[in-house]
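> 3D, please:
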Amino acid sequence: MRTPRLYADTSVFGGVFDEEFAGPSQRLTEDILAGRFDLVTSAIVASEIAGAPSRVRELFDELSRAANVVEVSHEAVSLQTAYLDAAAVGERWHEDALHVALATVSDCDLLVSWNFRHIVSYGRIKVYNGVNTLMGYRSIAIHSPKEVVSDA
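Model prediction:
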């Protein structure tokens with residue numbers, strides 16, 4: 001059985017240093033470093049992290065050394081457009097849809113985020129996965145770090 005491919009969006013890296021999200025975010029980081037997940041992230045995350053506090057950038061740099069950092073592809077943009085057309089999110093939140101598209105086209109098993117408004121949302125997940133099915137992709141599990149970390 002292969003190690004699950006996990007796409008982490010920007011909120012996961014910042015969550016390590018946020019009082020509300022620190023515990024599960026730190027445990028997820030430990031799980032990644034222990035090899036329980038193959039980390040996938042993207043050039044979009046790298047761009048968003050560039051303006052973050054230094055400790056967030058340093059964590060991203062450390063974890064991204066062993067990660068698969070994917071670039072934005074035509075395939076991902078096409079899927080992102082399909083999400084927007086299906087009203088998974090509005091145009092204003094197009095980068096959130098792009099995170100889901102990048103995770104999907106990168107064959108990730110799950111996407112992890114603290115974004116409960118535009119990504120980790122029951123109704124939106126149904127739309128994302130409905131579009132995935134229509135476009136010939138498999139469904140992707142979308143969860144907060146709290147839902148996927150080990151209990152150790």
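
> what residue ranges in the protein score low on pLDDT?
The chain contains residues with pLDDT under 70 at 151-152.

> helices of this structure, start to end?
Assigned helices in the chain, in chain order: 10-15, 22-33, 43-49, 54-64, 74-85, 94-105, 122-134, 145-148 (criterion: DSSP state H).

> list the buried residues of the shortest one.
Same thing as helix 145-148. By neighbour count with 16 or more other CB atoms under 10 Å, helix 145-148 contains the buried residues 145, 148. C-beta here means a position set from N, CA and C on the backbone, and glycine is covered the same way.

> and for it, what's in contact with it?
Residues outside helix 145-148 that contact it (CB atoms under 8 Å, 6 or more residues apart in numbering) are 6, 12, 15, 21, 24-25, 27-28, 31, 110, 112, 114.

> still on that earlier bit, export the helices of the chain to TSV and tack on distance to residue 2?
Listed next are the helices of the chain as TSV, based on distance: least, CB to CB, whole Å:
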stretch	distance to residue 2
helix 10-15	21
helix 22-33	15
helix 43-49	22
helix 54-64	20
helix 74-85	22
helix 94-105	16
helix 122-134	20
helix 145-148	16
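
> tell me the two of the contacts of helix 145-148 that are most distant?
Spatial extent of those (CB to CB) is set by the pair 21 and 110 at 17.2 Å.

> wait, doesn't residue 129 sit right on residue 123?
No. Applying CB atoms under 8 Å as the test, residue 129 and residue 123 come out as separate, 11.2 Å apart.

> all set now, cheers.
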